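Asks: after the sequence you'll find the predicted model.
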Amino acid sequence: MSHHSTSGPPTTPTLARYRSLKLVDQRSFDIEIDLDFKLGDRGTLVAHGQQGGGYSIYIDKDEVHYLHNGYGDTTDVNGGAIPAGRRRIVISAIAKTATEFDVAILVDGERRCEQRGLSMLIGQALFQGIDVGIDRRSPVCWERFSSDGTFAFTGKLGSVTYRPGPHAPGLGPERLEQLRKLAERFD
């Protein structure tokens with residue numbers, strides 16, 4: 001199981017675009033965020049991508065959100081209130097097809113909400129790498145940037161861990177095998 005862990009806003013450098021893409025491209029994945037939350041803390045926990053496509057996880061008004069920018073079509077999924085204290089937030093993305101996935105928000109193991117049928121963000125959509133505790137450069141959400149700038153997290157962020165899962169059905173190693181067999185027919 002490969003993963004990337006990092007801690008602390010905003011001194012953590014942006015993870016390179018290519019490495020960031022490998023964690024989420026056309027596959028299921030989990031993002032686990034550990035933090036010590038105090039009421040009133042707000043800001044970006046994770047941001048990946050930019051105005052043309054991407055996602056961010058943020059806290060505002062003591063609620064956790066997953067914001068999905070599917071090529072300009074923005075969906076903001078509200079996971080509800082976060083109690084003060086040590087918390088573990090998990091964003092669980094399940095690849096349904098090569099072009100669509102479902103996402104759920106869990107807080108301390110409790111499934112808070114789910115959003116189905118989000119557009120898969122592939123390759124060229126994610127022009128920027130993963131930011132932790134801030135949304136640098138071109139923002140995932142222009143409206144948020146207009147009101148809050150880079151929206152740096154004001155609280156204590158312990159760690160962010162990506163856990164890549166299986167590729168979308170019909171992709172990955174099984175797809176390569178299908179293509180190899182198809183090519184053998186023409187030899």
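Replies: Happy to help now that I have it.

Asks: show the subsequent helix or strand relative to the lowest-mean-pLDDT helix or strand in the chain.
Replies: Within the chain, no helix or strand scores below strand 4-6, which has a mean of 44 by mean pLDDT, DSSP states H and E. Later in the chain than strand 4-6, the nearest helix or strand by DSSP states H and E is helix 17-24.

Asks: show me the contacts for residue 46.
Replies: 31, 33, 56, 57, 130, 131, 132, 160 (CB atoms under 8 Å, 6 or more residues apart in numbering). Every C-beta, even on glycine, is put in place using the N, C-alpha and C of the backbone.

Asks: what secondary structure does residue 146 sit in?
Replies: helix (DSSP: H, G, I helix; E, B strand; the rest coil).

Asks: over to residue 177?
Replies: Applying three-state DSSP: residue 177 is helix.

Asks: for residue 40, which non-adjacent residue is closest in space?
Replies: Computed as CB to CB, 6 or more residues apart in numbering, the closest residue to residue 40 that is not its neighbour in sequence is residue 62, at 7.2 Å.

Asks: could you check how far the one you found is from residue 86?
Replies: With distances taken as CB to CB, to the nearest Å, residue 62 is found 15 Å from residue 86.

Asks: just want to know which of the two has more residues nearby.
Replies: Each of residue 62 and residue 86 has its neighbours counted (other CB atoms under 10 Å); residue 62 has more, 16 against 11.

Asks: wait, that one sits on residue 82?
Replies: Yes. At 5.9 Å, residue 62 and residue 82 qualify as touching, with contact defined as CB atoms under 8 Å.

Asks: strands along this structure, start to end?
Replies: Using DSSP state E, the strands of the chain run over residues 4-6, 27-37, 43-50, 53-60, 63-70, 73-81, 85-95, 100-107, 110-119, 130-132, 156-167.

Asks: most neighbours per residue, which of the ones you listed?
Replies: Mean neighbour count (mean count of other CB atoms under 10 Å) peaks for strand 130-132 among those, with a mean of 27.

Asks: quickly run through the sheet partners of that strand, with directions.
Replies: Paired strands of strand 130-132, with direction, are strand 43-50 (antiparallel) (DSSP bridges).

Asks: the strand it pairs with: how far from the chain's middle?
Replies: Put simply, strand 43-50 sits 8 Å off its chain's centre (CA atoms, centre = their mean, to the nearest Å).

Asks: got the angle between that strand and strand 53-60?
Replies: Relative orientation of strand 43-50 and strand 53-60, computed by axes from the mean of the first three to the mean of the last three CA atoms, to 10 degrees: 170 degrees.
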